[in-house]
Structures are given as structure tokens and as C-alpha cells.
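**Q** Quick one, fold the following:
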Amino acid sequence: MRFLKQFLIISGLLITALHVHAQSSDELKRLRNKYNEELEQLNREYEETANNKKSSLRQLSLLKEQINIREEKINSINSEVRLLDNQISESNTSIHNLQSQLDLLKKQYAAMILFAYHNRSSYNKLMFVFAAKDFNQGYKRLKYLQEFAGYRERQAQYIESTEKDLHVKINQLDNTKKEKNNILADQIKEKVTLGKQKKDEARVVSDLSKQQGQLKQQQRDLQRKITKTNQEIRDAIRREIAEARRKAEEAAKAAAAAASPGGNKNVTTNKDKANRPTDSEVLNTTKEAAKLSSDFLDNRGKLPWPVTNGMIIRGMGVYTIEGIRTESDGLEIKTNAGAPVRTVFDGKVQAVENVYGTYTVIVIHGEYFTAYSNLKSVTVSKGQKLSTKQMVGTVATDPATGESVVQFAIYKGINPVNPKIWLFPE
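**A** The predicted structure follows:
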């Protein structure tokens, strides 16, 4: 029975370990499939630009994206291989333990069979019982013979079960080894492709260096547009805050005048200035605005994307391209040409701005604002109430690069916050 307990403990530990590995393996496979889909899409786009027989900034951008994703995929494959190596090692240990357990069970069973053979006659069994010194001992001997027969049957079942488990583990080991070989073959292919793409990147960079003046001008134009867009958004938010503050102060003066004997509405005391409300407080003056702010905050990490199909190509912060420094208040999300852009939460259109030929829509959600820029057209107007995922316009396509990129930003008051931690994970 002691060996049976050991066997059950070992089996339980193996099942738990396999469950953990399965979860990790599934996640890594999901990542690998995601990388494959992104690489296929990028490759199609790159082939379209390559057919023009002329290197372009878009070709370089697509190559860089493919190289980055391919490197991430190779790192993910390395993690998968390490995981499979651990599974193979544990499977070998498991097979060794099961084989040892099986050998021991068979040895014990053989001893029982030999004992049963030597005491196979009913006469011997009866003599064993009748040789007892009293009735109680005779009864115990009879029960012993019955239990021995049952134990022998159970041992045969344990041997059969262990043999099945052993075959299952051997099959799992074979499948794991095949899977590892397939993944390693995929990794080799990706490394070869990565090497070729890095050579292509160097060639395109060389070709583009001949057009450096033109490219720098394009980048300056883009930087100027982004800076102007950021400024327009912040100015619109400042106007909203100023208007909300004016209304709050007028309401406070009216309340103070009604409470004072003279009824002077123009009285402003030092105490009033000291108690001036913050931007957050004036934007949350009404119950509706306060609830909207609270609901927006509660959905951090769960907001839908502003496009149904997109990929982040540049995050929030400062970056440099062609020696031109640019600061972004939000994300740049590449999507399909003419793709609809939608609001990520309930709100009201605070402003629609035209910046160098494309539109920016700003939506207010209590003390939070979302901005959707680089739109070719808009389908909403100032003051219009919106519901989550309602369309606000369509994305514009840059004629120089051929890319369709929507710029998405989130502000708390006048301060930008990183949209990536607010959107539902990719």
C-alpha cells in the first residue's frame, strides 16, 4: 500500500505540472500566431511598395516593423523551446519513475502468485484456518485469505493502469519532441528571413540617403503637423476648463449674493481666491460629469480601440526620425485605408478642428478628454452626444508614405496620459 500512495502522489504532481506548462505553452502559441498574422500583413504591404521599383520611406518603415516583429517572434520561439525542453526533461523523469513503479509492482505480484501457487489447494487453506487456536483467530485467518485475494486482484489492476500511464507518457514525449523540431525549423527559417530583411533595410537606407533632403522636409512637415495638433487639442481643453470655471464662479457669486444682505454679485474676497476650485473640480461640477469621470476611470485597461483593426507603430513620448525631434501626446495606430474611427467611451464632442487639411475630434468624458487626429472626414459636430464605439470619422492616408495612421490621445484635464494602459490589451 505504501507504494500505491507514492504512485498516486507522483501522478498528482505530474498532472499539476502539465497543467501549468499547458497554460504557458498555449500563451506562447497564441503569441506566435499573432506575430505570423502581423508579418503576413506587413509583407503584403511591403510587396505592394516594392513593385514600384523605387525605395520609399514607407518601405523602410515596413521593413523596420517586420524586423522588430520577427525578432520578437524569435525570442518567443526561444521561450517555447526552453519550455519544451523542460517538458521533455520532466517527461523522461516521469517515464523513469513509472517504469520503476511498474517493475516493483510486477515483482510484488510475482511473489504473490508464487505464494498462491504453493498454497493453491483448498485443503491447505482450510488447514490454515482450522489450525487456529480459537474462533477469533480462525475468523481473522479467513478474512486474511479473502483480503489477500482482493489485494492480488487490485495489484493486477494497478499494473495495468501503470502500463497505460507509461504508454501515454511515452506518446506525449514523442509528440513534444516532434513539436520542438517543428519550432526549431520555424526559428531557422525566421533567422534566415531576418538576415535578408536587414540587408534589404541597408539597401533601402542607402537609396533613401540620396533623397535625404526631401525626406527631412517630409519629416519636418509631419513634426509641424503633430505639434500643431497637440496645441489645438490643449487649447480646446483650456477653453473648456475656462468656460466651466466661469460658470462655477458665476454660480458661486450668485449663491454668495443671495446669502449677503446687500446682494452684491461683484464682491470677490481673498477667501474666494484662496478657495478657487481645481480644474478637476470645475470639470466635475455636475453629477452627470462626475459620474462620467468615475465610469471612465473604472474602465482603465478595458477601453475599446479607436479602430477595429490596427497596430501601434509609435507610442507616447519623444522620438527622433531623420534627425527631427518630435513629441507625441498619444499613440500612432496604423490601420486600413479609409477605416472608420470610433470613440472609446460615452461623451460629448467638445471640438472639431482642421489642422493642415485633416481633422481632429475632441470628446469630453467628465474631467477626461479623448482626441482622434489625422481624419480625412468627420461624421460628428460640436456638442453632439456620443456612445461608446460610435463613429467620429475616417482615417486619412499620407500620400508620401501611403500609410493610414490615426493619432489617439487621452488627457486628464490638460495633462496627457499614456493611452496604452487605458486600452484593452492587444
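
**Q** Using PDB, write out every CA atom in stretch 27-41.
**A** Coordinates of the C-alpha atoms in stretch 27-41 are reproduced here as PDB (Å, rounded to 0.1, in the frame of the first residue of the first chain):
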ATOM      1  CA  GLU A  27       0.000  31.600 -24.400                       C
ATOM      2  CA  LEU A  28       3.300  31.300 -26.400                       C
ATOM      3  CA  LYS A  29       1.500  29.600 -29.300                       C
ATOM      4  CA  ARG A  30      -1.100  32.500 -29.300                       C
ATOM      5  CA  LEU A  31       1.800  35.000 -29.500                       C
ATOM      6  CA  ARG A  32       3.500  33.100 -32.300                       C
ATOM      7  CA  ASN A  33       0.200  33.100 -34.300                       C
ATOM      8  CA  LYS A  34      -0.300  36.800 -33.700                       C
ATOM      9  CA  TYR A  35       3.300  37.500 -34.900                       C
ATOM     10  CA  ASN A  36       2.600  35.400 -38.000                       C
ATOM     11  CA  GLU A  37      -0.600  37.300 -38.800                       C
ATOM     12  CA  GLU A  38       1.200  40.700 -38.400                       C
ATOM     13  CA  LEU A  39       4.100  39.600 -40.500                       C
ATOM     14  CA  GLU A  40       1.800  38.400 -43.300                       C
ATOM     15  CA  GLN A  41       0.000  41.700 -43.400                       C
END
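
**Q** So for that stretch, mean pLDDT?
**A** Across stretch 27-41, the average pLDDT comes to 74.

**Q** How about stretch 233-250?
**A** Here stretch 233-250 scores 87 as its mean pLDDT.

**Q** Residues contacting that stretch, please?
**A** Counting contacts by C-beta atoms under 8 Å, 6 or more residues apart in numbering, the residues outside stretch 233-250 that touch it are 277, 279, 281-283, 285, 329, 350-351, 353, 360, 362, 364, 369, 371, 373, 409, 411, 413-414. Backbone N, C-alpha and C define where each C-beta goes, glycine included.

**Q** how close does residue 298 get to residue 291?
**A** Going from residue 298 to residue 291 by C-beta to C-beta, to the nearest Å gives 10 Å.

**Q** Check residue 383 too.
**A** 19 Å.

**Q** Who has more neighbours out of those two?
**A** Neighbours were tallied for residue 383 and for residue 291 using other C-beta atoms under 10 Å; the higher tally belongs to residue 291 (12 against 9).

**Q** Next up, the contacts around the more buried one.
**A** Applying C-beta under 8 Å, 6+ apart, we find residue 291 in contact with residue 366.

**Q** State the pLDDT value of it.
**A** 93.

**Q** what does the one 10 residues further on give?
**A** Predicted confidence (pLDDT) at residue 301: the value is 91.

**Q** That one: what's it in contact with?
**A** Counting by C-beta under 8 Å, 6+ apart, the residues that residue 301 touches are 421-425.

**Q** quick one: which of the residues you listed is nearest residue 176?
**A** Taking C-beta to C-beta as the measure, residue 176 sits nearest to residue 425 out of the contacts of residue 301, at 29.1 Å.

**Q** Which secondary structure state does the residue lying closest to the closest one once chain neighbours are set aside sit in?
**A** Counting by C-beta to C-beta, 6 or more residues apart in numbering, residue 301 is the residue found nearest to residue 425 once chain neighbours are left out, at 7.4 Å. Using DSSP: H, G, I helix; E, B strand; the rest coil, the secondary structure recorded for residue 301 is coil.

**Q** Check residue 307 too.
**A** Strictly by three-state DSSP, residue 307 counts as coil.

**Q** and this protein, what are its domains?
**A** Structurally, the chain divides into domains by automatic domain parsing as follows: 2-209, 214-426.
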